[in-house]
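*Asks:* Compute the structure for the input listed below.
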Amino acid sequence: MTEPARSGGGLLTLDGSAPAGPLAILYTGGTFGMVPSSRGLVPNPRLRNEIEALMAVVRPRGRRAVDWTYSETAQAVDSAELDCDALGRLADQIREIIVRDDPRAVVVIHGSDTLAYSASFVAFALADLSTPIVFTGSQRPIGFEHTDATENFALAVASADGTDANGVHIAFGGRLLPAIRATKRSTESPQAFAAPRPLAGEPVGVDRRVATALRRAAGSPAPRTGLVKVVPGVNAAQLVAVMNECPTGIVLECYGSGTAPMASGGLGAAIRAATERDTVVLAVTQCEDGPVTLDRYAVGSALAEAGAIGAGDMTSEAALGKLGALARAGFTGAELRELLGRNLLGERRG
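*Replies:* Now for the predicted structure:
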């Protein structure tokens, strides 16, 4: 993995006490730091000076002094350009920062388009770590009129320094949302993200076996996964094409409680053939609320009989993140299916 650019930050003195680990800030690109070009907004490759100016006026909520550090990914990008490998590299860089610096928290500045996908993947890929991680971004860049970048950054810093940010969260539009339940809902509103599905109760967490596998996965290539949205007219050939490109697995975004055109679209045989060669088909619902219940309707039962796994009420972003992180950690077959069916972090009920 490329060594991140890193530079010392400033000491934010809230009282006379000693620092308690740095607040690590990682810049990846996105609207937050974009600048105009002849073809539209493009990422600023460096944001060190802008972050220093923000940190001069932003104060964490904690009562202790906070040292902070600044890092960048190898290249600042529009988040629309992220692929599965980039998600793996991002998780690895955050892990490296945590292991190296032992920060009190990590704030990740990220483009909003794929922020929920990245934050969900990181939540599962780093589920063995306890350091709070808060993703943030903006709808308008720093320095633009009516920018929301400063407010979102202040919320992220305050939340990361508090005790309410355990796990991975998204700080955006005045709200702190659990990454594993969040989705982007608007291209214009300052409240770009929502988490309409509350955290599921009684998460079991990751045991030592899973934690060890996640740690050992650092540096490994990320498996290619995909998402197929069920629509009228979707057919087996379309599904097979995606599954051939994503042999690890796909998320199938179904109607209602988990239905799809199994007979008219010929999906049954395609799904059965894929799952028999250990390609995961994880069924989520297109609905904002309610879980997948595959045995409610006959077509849903046909999905299950073909080998599809019901994802409860997981969001598509969380389902992709969980599938990708666990497969990257080396889980396959029945073991992977069993972990996908468990509520590890509060990501699913049902």
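
*Asks:* same question for the longest helix seen in the chain, mean pLDDT?
*Replies:* For the chain, the longest helix by residue count, based on DSSP state H, is helix 84-101. Averaging pLDDT along helix 84-101 gives 96.

*Asks:* what angle do whichever helix or strand comes after that helix and helix 84-101 make?
*Replies:* Remark: after helix 84-101, the chain's next helix or strand is strand 105-109, criterion DSSP states H and E. If you take axes from the mean of the first three to the mean of the last three C-alpha atoms, to 10 degrees, strand 105-109 sits at 150 degrees to helix 84-101.

*Asks:* name the helices or strands packed onto the longest helix of the chain?
*Replies:* When contacts are defined as 3 or more C-beta pairs under 8 Å, 6 or more residues apart in numbering; DSSP states H and E, helix 84-101 sits against strand 23-29, strand 66-77, strand 105-109, helix 115-125, helix 316-328. From N, CA and C alone the C-beta is placed, and that goes for glycine too.

*Asks:* what's the shortest one in contact with?
*Replies:* It refers to strand 105-109. 23-28, 30, 32-33, 47, 90, 94, 97-98, 118-119, 122, 131-137, 153, 156-157, 160-161, 165 (C-beta atoms under 8 Å, 6 or more residues apart in numbering).

*Asks:* so Val204 sits in a helix?
*Replies:* No: Val204: not assigned to a helix; according to DSSP: H, G, I helix; E, B strand; the rest coil it is coil.

*Asks:* what's the neighbour count on it?
*Replies:* Val204: 11 surrounding residues under other C-beta atoms under 10 Å.

*Asks:* Test my guess that it contacts Gly341.
*Replies:* No: when contacts are counted by C-beta atoms under 8 Å, Val204 is not listed as touching Gly341 (11.1 Å).

*Asks:* which residues touch Leu177?
*Replies:* Shown in contact with Leu177 (C-beta under 8 Å, 6+ apart): His169, Ile170, Ala171, Phe193, Ala194, Ala195.

*Asks:* Go through these and give me the one with the most neighbours.
*Replies:* Ile170 (32 neighbours).

*Asks:* low-confidence ranges in the stretch 151-300 of the chain?
*Replies:* The model of the stretch 151-300 of the chain has pLDDT under 70 over residues 162-165.

*Asks:* Torsion angles phi and psi at the closest residue to Gly333 other than its chain neighbours?
*Replies:* Using C-beta to C-beta, 6 or more residues apart in numbering and skipping residues adjacent in sequence, the residue nearest Gly333 is Asp278, 5.6 Å away. Main-chain dihedrals, Asp278, degrees, to the nearest 10: phi 70, psi 20.

*Asks:* burial of Asp278, as a residue count?
*Replies:* Asp278: 15 neighbours (other C-beta under 10 Å).

*Asks:* okay, Ala302: pLDDT?
*Replies:* We have a pLDDT of 97 for Ala302.

*Asks:* follow-up on the earlier one: the longest helix of the chain: how far from the chain's middle?
*Replies:* 13 Å (C-alpha atoms, centre = their mean, to the nearest Å).

*Asks:* the inter-axis angle of it versus helix 115-125?
*Replies:* Counting by the same axes, to 10 degrees, helix 84-101 lies at 60 degrees to helix 115-125.
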